[in-house]
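S.K.: next input, structure requested:
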Amino acid sequence: MAKYVAAIDQGTTSSRCMIFNHAGEPVSSSQMEHEQIYPKPGWVEHDPIEIWSRTKDVIHDAMEKAGLIASDIAAIGVTNQRETTVVWDKNTGQPYYNAIVWQDTRTDKICDELMGDEGQDRLREQTGLPLATYFSGPKIKWILDNVEGVREAAMRGDAIFGNMDTWVIWKLTGGINGGAHVTDVTNASRTMLMNLEGTQWNDDICELMDVPRKMLPTIRPSSDPEVYGYTANNGPFGGKIPVCGDLGDQQAATVGQTCFSVGEAKNTYGTGCFMLLNTGTEIVQSKNGLLTTPCYKFGNEPTVYALEGSIAIAGAVVQWLRDQMRLINTAADVENLARMVEDNGGMYFVPAFSGLFAPYWKSDARGAIVGMTRYLTRGHFARAALEAVAYQTREVLDAMEADSGVKLQALKVDGGMVANELLMQYQADVLGVPVTRPKVAESTALGAAYAAGLAVGFWKNTNEMRQNWGIDKTWEPNDDETPRVDNYKMWKKAVTRTFDWVE
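M.R.: Prediction:
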């Protein structure tokens, strides 16, 4: 009998394979980074072929580390960087262009044109989203309009689209030899082409964006007992395993944190930072700059929705300090560097590298460092970078409380940055509520595993998953109100300095 479930977590900076047992504990893990491609200012791309190669490598490595064969794996779940857009030839498996990453801002003019006289919220009622460069639909349009021959191929039915979940599942289940061209409700919702109500493609919006309907994958449940397909015998798992779980990374983390009740929230600190609040089967339209999005759909059960606050740059600012500025050698070094100083020295760093996401949605904003004096050191740069993540999260939480009318009592956190204890303590101080890290910090991969395992009965219900969740550490807010009052006020002032930079 199969004793494990595998999860593939295809993220913005790396791909990972994790294998979990029934207690939700990781028994094996392998991770590899891929190249970040910056052809022009504001443009961010990935090579889909490189990502698939890395994915195969981490699968082989994770299976080998655990000493497992295909028959040991009950099911496979996939989770992914959302909105990152791939268009490829279904006959050859070759992408027509690099994947355009969710952070990319090249579609700003397309978005401006789509707004017409109705403005940024033209499609919000149907999709839950503002018109913004973040989402996949305008990226598909850019490829169709700018890459020679793709529109013609799309009209023939040869060029097909997917976010990274669709690309990975298609490859896993055979690729050009009958691969499943599918996505789930959470990923489909991030294209700006899907109706929130009914979770089906909206033909009118497809026509508005001039995206041929036949390019789009079939929308399936996030946990699908009918399964999307089976791995190929000659694939990286080496045998036939059902692929039956699919969630965008932030929804996967919500499932991994077992936020199955209305009012439960989590925040994931990855390349970006994303807070989701479960609103149940009710579609709650935001009046404060948040997104309304499917949270998950399990089998034939109704879709569960969420409010989401999306922050473009979180861990990416640490990567920038490491790779571009050379202030640190490894990401982990940022905490020690920040601890060399007691505060930010009056400097505020607004990392609007890709514009501002929630709650502002200003694609014409750009990063700014304000309040600089000769007093400042490398330590202050590190400290200001970490504090920026905490302040951005506070802005999202304020919006979430205004939309929902519910005051958060504690925040569940996960993702790579939660290992940074200085950041977690400052986050509690800025929010004024406890911050709790679970025993399994990589909730994204765990959520994908849960979705797949639920589909095949490996976990019988959500209560079994809840029993697996446990606290690793909680940070209580300090009595000093300076971070959440004075410093936060200065942060809000600093943010205004980034507005309308790109003309």
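
S.K.: looking at this, Val255 is in a strand?
M.R.: No - if the criterion is DSSP: H, G, I helix; E, B strand; the rest coil, then Val255 is helix and not within a strand.

S.K.: OK, contacts around it?
M.R.: With contacts defined as CB atoms under 8 Å, 6 or more residues apart in numbering, the neighbours of Val255 are 222, 247, 296, 446-448, 450-451, 465. For the C-beta atoms, the positions are set from N, CA and C on the backbone; glycine is no exception.

S.K.: one more: Asn461?
M.R.: Applying CB under 8 Å, 6+ apart to Asn461 gives the contacts Leu454.

S.K.: now do it against Gln467, distance only.
M.R.: 10 Å (CB to CB, to the nearest Å).

S.K.: ditto for Asp249
M.R.: For Asp249, the distance to Gln467 equals 24 Å [CB to CB].

S.K.: more crowded one of those two?
M.R.: Asp249 (30 against 12; other CB atoms under 10 Å).

S.K.: just checking, that one touches Thr268?
M.R.: Yes - judged on CB atoms under 8 Å, Asp249 makes contact with Thr268 at a distance of 7.4 Å.

S.K.: overlap in contacts of those two?
M.R.: Applying CB under 8 Å, 6+ apart, one finds that Asp249 and Thr268 are jointly contacted by 274, 444.

S.K.: where along the stretch 151-300 of the chain do the helices fall?
M.R.: Per DSSP state H, counting those that start in this stretch, the stretch 151-300 of the chain carries helices over the ranges 164-172, 185-188, 203-209, 249-256.

S.K.: the last one to helix 164-172, inter-axis angle?
M.R.: Our comparison of helix 249-256 with helix 164-172, counting by axes from the mean of the first three to the mean of the last three CA atoms, to 10 degrees, yields an angle of 80 degrees.

S.K.: per-residue pLDDT, the nearest residue to Met424 once chain neighbours are set aside?
M.R.: Nearest residue to Met424 in three dimensions, chain neighbours excluded: Trp475, at 4.9 Å (CB to CB, 6 or more residues apart in numbering). Reading off the confidence values, Trp475 has pLDDT 96.

S.K.: may I ask which of the contacts of Val255 has the most neighbours?
M.R.: Each of those was scored by neighbour count (other CB under 10 Å); the top score is that of Ala448, with 36 neighbours.

S.K.: now whatever helix or strand that one lives in, how far from the chain's geometric center?
M.R.: The secondary structure element spanning Ala448 is helix 443-455 (assigned by DSSP states H and E). Computed by CA atoms, centre = their mean, to the nearest Å, the chain-centroid distance of helix 443-455 equals 15 Å.

S.K.: in whichever helix or strand comes after it, which residues are buried?
M.R.: Using DSSP H and E, the helix or strand that follows helix 443-455 towards the C-terminus is helix 462-468. Of all the residues in helix 462-468, those buried under the rule 16 or more other CB atoms under 10 Å are 464-465, 468.

S.K.: going by distance to Leu196, which of the residues you listed wins?
M.R.: Proximity of the buried residues of helix 462-468 to Leu196 was ranked by CB to CB; the top entry is Met465 with 25.3 Å.

S.K.: list the contacts of that closest one.
M.R.: When contacts are counted by CB under 8 Å, 6+ apart, Met465 is found next to 24, 255, 258, 260, 450, 454, 459.

S.K.: contacts only, for the residue nearest to the last one when sequence neighbours are not counted.
M.R.: The spatial neighbour of Trp459 that comes closest, neighbours along the chain excluded (CB to CB, 6+ apart), is Gly453 at 4.7 Å. For Gly453, the contact set (CB under 8 Å, 6+ apart) comprises 5, 20, 74-75, 77, 245, 459.

S.K.: so which of those residues wins on neighbours?
M.R.: Most surrounded of the contacts of Gly453: other CB under 10 Å gives Gly245, at 36 neighbours.

S.K.: and for Asp480, nearest residue in space, chain neighbours not counted?
M.R.: With CB to CB, 6+ apart as the criterion, Asp480 has its nearest non-adjacent residue at 7.2 Å, and that residue is Asp429.

S.K.: that neighbour: neighbouring residues, count only.
M.R.: A count of neighbours around Asp429, defined by other CB under 10 Å, yields 22.

S.K.: I'd say it and Glu476 touch.
M.R.: No - contact status for Asp429 versus Glu476: not in contact, 9.4 Å apart, counting by CB under 8 Å.
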